[in-house]
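> I'll drop the sequence and a predicted model, then ask my questions.
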Amino acid sequence: MHEKCGVVGIALQDRDAARPLYYSLYALQHRGQESAGIVTHDGFQQHSHVEMGLVGDVFDPDDLASLNGSNGIGHVRYPTAGSVDSCCAQPFSVSFKSGSLGLSHNGNLVNADEIRDELANLGHAFTSDGDTEVIAHDLARNLLEADLVRAVKRTMSRIHGSYALTISHDDTVMGVRDPEGNRPLCIGKLDDGYVLTSESAAIDTLDGELIRDVKPGELVVLHDDGTGFDSYQLVEQENTAHCFFEHVYFARPDSTIDDNLVYEVRRELGRQLWDESGVDSDVVLPVPDSGRAFASGYAEAAQESGADIEFAEGLMKNRYVGRTFIMPTQDERERAVRLKLNPIKSTIEGKTVTIIDDSIVRGTTSTQLIELLKDAGAEEVHVRIGAPAIISPCYMGIDMATRDELIAADRSTEEIRDEIQADSLSYLSVEAIAQSLDKGQGELCLGCVTGEYPYDIEGEETDRDVDRPVIGDQTMEADD
Ligand code: AMP
């Protein structure tokens with residue numbers, strides 16, 4: 001079970017949180033299109049509305065009016081290929097002896113099965129096979145014996161993997177980021193309250209101000225009257241493992257994550273791509289939309305270096321076609337690329353063309369595009385990719401196909417070039433990724449491009465066994 005999602009939590013002074021939560025989920029829609037949900041608490045009771053579908057379809061005005069309370073959390077869930085799985089829609093909400101809990105999760109635990117078995121043996125009944133319910137049960141159990149902060153700390157010492165969580169416990173809303181900071185989470189200030197969210201673009205949508213990222217291993221508790229928040233550094237860890245792919249593909253370009261504006265990172269990656277492997281051609285085309293910022297950086301660096309290269313929109317995207325990547329069969333994925341993208345002949349015919357995309361996963365998009373561009377009269381098609389070759393699956397929360405589907409899992413760059421029929425192909429180096437993010441390679445999760453993961457994944461290499469948090473190895477700011 002992989003959760004690739006967007007989360008939000010809001011505490012306001014004295015108006016209902018449902019609408020701001022709803023608008024935030026709209027802003028996070030790119031992080032998940034399978035289901036959407038909101039849980040609020042009005043001081044007496046918890047309200048929940050969770051359904052399959054897009055945010056705009058899931059909530060009508062009556063639904064929002066019924067979600068009373070100035071505090072709450074929300075979630076959008078990413079679809080996995082072929083699955084329509086209503087049991088995993090979130091926020092997961094439940095009432096335990098310790099009070100009501102709502103939980104929104106982005107990430108993936110590597111030891112959820114272990115904890116589920118342990119809790120099931122103690123009598124906990126599970127209704128889904130998702131990670132989120134495991135976290136909820138573990139936290140509920142800890143809340144029977146400890147206050148909120150200690151209970152969260154105990155749960156954090158037991159769960160391993162990636163997680164950005166927004167949690168409501170009765171009318172208290174909080175946010176937790178995993179000790180490696182693998183998945184993003186930030187805090188924003190609104191005129192009359194505070195917000196925790198996966199991406200700062202959601203704060204902008206609410207006309208709020210980004211305060212900062214939640215730190216790896218930090219718990220942020222919003223005051224239930226919307227007047228402030230408390231911070232508890234529950235797990236201190238030497239190494240971070242920020243997911244670089246958030247910057248390359250997943251996050252919105254207008255979001256700031258871990259102090260970097262995603263758009264500027266992508267433009268810088270594009271500039272480095274030119275420096276590392278620029279190729280002479282008449283025209284540079286972005287693969288819309290994900291390749292745009294990369295292509296503009298690439299073209300700018302090319303032009304600065306004196307190259308006579310035009311930057312043009314040569315591929316039109318049909319905005320009504322959803323994500324082709326998650327179609328269940330290869331046939332459907334190929335058809336969907338054709339439905340989604342169409343070349344503009346005048347910018348292509350008789351020209352040598354470089355196309356820029358953020359990544360190649362299975363190779364479907366580039367194979368289809370090169371054929372299309374050649375049919376439209378391109379003389380040569382060169383491909384430049386703003387990330388290293390994806391050689392290994394993601395276990396930490398990004399849907400990236402299985403190993404045997406990855407075109408680069410067992411092929412050299414030359415073999416891939418031959419397979420997709422490009423005139424030339426180059427990827428960006430791992431070094432350029434770290435440099436553009438202004439981080440050391442050891443601060444990033446690069447598992448999908450190096451095959452070395454910061455977490456213990458069965459059958460996979462890990463690159464930092466020593467620094468993983470263990471029970472009893474945490475520090476805490478509040479009196480412990
Ligand atoms: P593919 O066609 O399988 O080679 O996938 C590459 C294309 O899918 C690129 O245009 C990417 O922008 C996009 N892409 C990369 N990773 C993902 C992902 N995790 N989910 C959806 N689309 C993706």
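Nice, I can see it.
> check which helix or strand Val152 maps to.
Here Val152 sits within helix 148-158, counting by DSSP states H and E.
> pull the CA atoms of that helix into PDB?
Extracted C-alpha coordinates of helix 148-158, given in PDB (Å, rounded to 0.1, in the frame of the first residue of the first chain):
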ATOM      1  CA  LEU A 148      -0.800  14.000  23.600                       C
ATOM      2  CA  VAL A 149       2.800  14.900  23.100                       C
ATOM      3  CA  ARG A 150       4.200  11.700  24.800                       C
ATOM      4  CA  ALA A 151       1.700   9.600  22.900                       C
ATOM      5  CA  VAL A 152       2.800  11.000  19.500                       C
ATOM      6  CA  LYS A 153       6.400  10.600  20.500                       C
ATOM      7  CA  ARG A 154       5.800   6.900  21.400                       C
ATOM      8  CA  THR A 155       4.100   6.300  18.100                       C
ATOM      9  CA  MET A 156       6.900   8.000  16.200                       C
ATOM     10  CA  SER A 157       9.400   5.700  17.900                       C
ATOM     11  CA  ARG A 158       7.500   2.700  16.600                       C
END
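> and the next helix or strand after that helix, how far from the chain's centre?
Per DSSP H and E, the first helix or strand lying C-terminal to helix 148-158 is strand 161-169. Averaging C-alpha positions (CA atoms, centre = their mean, to the nearest Å) puts strand 161-169 14 Å from its chain's average.
> what packs against strand 161-169?
strand 5-12, strand 35-41, strand 71-77, strand 99-109, helix 131-145, strand 172-177 (3 or more CB pairs under 8 Å, 6 or more residues apart in numbering; DSSP states H and E). Where C-beta positions appear, they are placed from N, C-alpha and C, glycine not excepted.
> can I get those in JSON lines including mean pLDDT?
Supplementary listing: the helices and strands packed on strand 161-169 in JSON lines, determined by pLDDT from 0 to 100:
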{"stretch": "strand 5-12", "mean pLDDT": "97"}
{"stretch": "strand 35-41", "mean pLDDT": "97"}
{"stretch": "strand 71-77", "mean pLDDT": "97"}
{"stretch": "strand 99-109", "mean pLDDT": "95"}
{"stretch": "helix 131-145", "mean pLDDT": "95"}
{"stretch": "strand 172-177", "mean pLDDT": "98"}
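> JSON lines please, covering the ones you listed and showing mean neighbour count and distance to Thr413.
Below are those laid out as JSON lines (neighbours: other CB atoms under 10 Å; distance: least, CB to CB, whole Å):
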{"stretch": "strand 5-12", "mean neighbour count": "30", "distance to Thr413": "33"}
{"stretch": "strand 35-41", "mean neighbour count": "29", "distance to Thr413": "38"}
{"stretch": "strand 71-77", "mean neighbour count": "31", "distance to Thr413": "35"}
{"stretch": "strand 99-109", "mean neighbour count": "26", "distance to Thr413": "29"}
{"stretch": "helix 131-145", "mean neighbour count": "23", "distance to Thr413": "35"}
{"stretch": "strand 172-177", "mean neighbour count": "26", "distance to Thr413": "35"}
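> and those: which comes nearest Asp191?
strand 5-12 (9.4 Å; CB to CB).
> what about stretch 431-440, average pLDDT?
The pLDDT scores in stretch 431-440 average 97.
> gap between that stretch and the chain center?
19 Å.
> check which residues of that stretch are buried.
Buried residues in stretch 431-440, counted by 16 or more other CB atoms under 10 Å: Ala432, Ile433, Ala434, Ser436, Leu437, Lys439.
> quick revisit: make JSON lines out of the helices and strands packed on strand 161-169 and add distance to the ligand.
Shown next, in JSON lines, are those (distance: least, CB to the nearest ligand atom, whole Å):
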{"stretch": "strand 5-12", "distance to the ligand": "13"}
{"stretch": "strand 35-41", "distance to the ligand": "17"}
{"stretch": "strand 71-77", "distance to the ligand": "14"}
{"stretch": "strand 99-109", "distance to the ligand": "13"}
{"stretch": "helix 131-145", "distance to the ligand": "18"}
{"stretch": "strand 172-177", "distance to the ligand": "21"}
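> of all these, which one is nearest Arg116?
Smallest distance to Arg116 across those (CB to CB): 5.0 Å, for helix 131-145.
> thought Val76 was touching Arg31?
Yes. Using CB atoms under 8 Å, Val76 is in contact with Arg31, at 5.7 Å.
> identify the contacts common to these two.
Cys5, Gly6 (CB atoms under 8 Å, 6 or more residues apart in numbering).
> distance of the residue lying farthest from the centre of the chain relative to Glu380?
Going by CA atoms, centre = their mean, the residue of the chain most distant from its centre is Gly350, 39.3 Å out. In this view, Gly350 and Glu380 are 11 Å apart by CB to CB, to the nearest Å.
> do Cys186 as well
43 Å.
> around the ligand, pick out the residues from the stretch 101-250 of the chain.
Proximity of the stretch 101-250 of the chain to the ligand (CB under 6 Å from any ligand atom) is limited to residues Tyr249.
> give me every residue in the stretch 301-450 of the chain lying close to the ligand.
323, 325, 357-365, 398-400.
> so which of those residues are in helices?
Thr364, Thr365 (DSSP state H).
> JSON lines for the residues of the stretch 301-450 of the chain next to the ligand, including pLDDT and neighbour count?
Formatted as JSON lines, these follow (pLDDT from 0 to 100; neighbours: other CB atoms under 10 Å):
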{"residue": "Arg323", "pLDDT": "61", "neighbour count": "13"}
{"residue": "Phe325", "pLDDT": "63", "neighbour count": "17"}
{"residue": "Asp357", "pLDDT": "98", "neighbour count": "23"}
{"residue": "Asp358", "pLDDT": "97", "neighbour count": "25"}
{"residue": "Ser359", "pLDDT": "97", "neighbour count": "25"}
{"residue": "Ile360", "pLDDT": "97", "neighbour count": "22"}
{"residue": "Val361", "pLDDT": "95", "neighbour count": "19"}
{"residue": "Arg362", "pLDDT": "94", "neighbour count": "18"}
{"residue": "Gly363", "pLDDT": "95", "neighbour count": "16"}
{"residue": "Thr364", "pLDDT": "92", "neighbour count": "21"}
{"residue": "Thr365", "pLDDT": "93", "neighbour count": "25"}
{"residue": "Ile398", "pLDDT": "77", "neighbour count": "22"}
{"residue": "Asp399", "pLDDT": "74", "neighbour count": "18"}
{"residue": "Met400", "pLDDT": "74", "neighbour count": "24"}
